[in-house]
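In: What follows is a predicted structure for the sequence shown.
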Amino acid sequence: MCKDAVGNYTFNLKAANGEIIGRSENYTTAANRENGIDAIKRNAPNASLKISLKKKAV
């Protein structure tokens, strides 16, 4: 798992065509970020989502 220079973990939501359609809030731990991803999956169980875990640009 990657994090940025100030210690934030984030994720991007991508549409089926690869376009980024959303960005998460900043999380202080990778575990909290995973909880955020799980919340998206629970609340949109039929959505076709690709979650991108990338280091935030500094």
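Out: Cool, got the structure.

In: And whichever strand or helix holds Ala31, what's buried?
Out: Using DSSP states H and E, Ala31 sits in helix 30-43. Across helix 30-43, burial judged by 16 or more other Cβ atoms under 10 Å covers 33, 36-37, 40. C-betas here are computed from N, CA, C, even on glycine.

In: my guess is Ile21 meets Ile40, correct?
Out: No: applying Cβ atoms under 8 Å as the test, Ile21 and Ile40 come out as separate, 11.5 Å apart.

In: Skipping its backbone neighbours, what lies nearest the residue nearest to the spatial centre of the chain in space?
Out: In the chain, the centroid-proximal residue (Cα atoms, centre = their mean) is Phe11; its distance is 1.9 Å. Closest residue to Phe11 apart from its sequence neighbours, by Cβ to Cβ, 6 or more residues apart in numbering: Ser24 at 4.8 Å.

In: Now Asn21, what are its backbone angles?
Out: You called it Asn, but residue 21 is Ile. When read as degrees, to the nearest 10, the backbone of Ile21 gives phi -110, psi 0.

In: ok, now which ones touch it?
Out: 13-15 (Cβ atoms under 8 Å, 6 or more residues apart in numbering).

In: For this structure, name the helix or strand with the lowest mean pLDDT.
Out: Lowest by mean pLDDT, DSSP states H and E among the helices and strands of the chain is strand 50-52, with a mean of 65.

In: Noted, bye for now.
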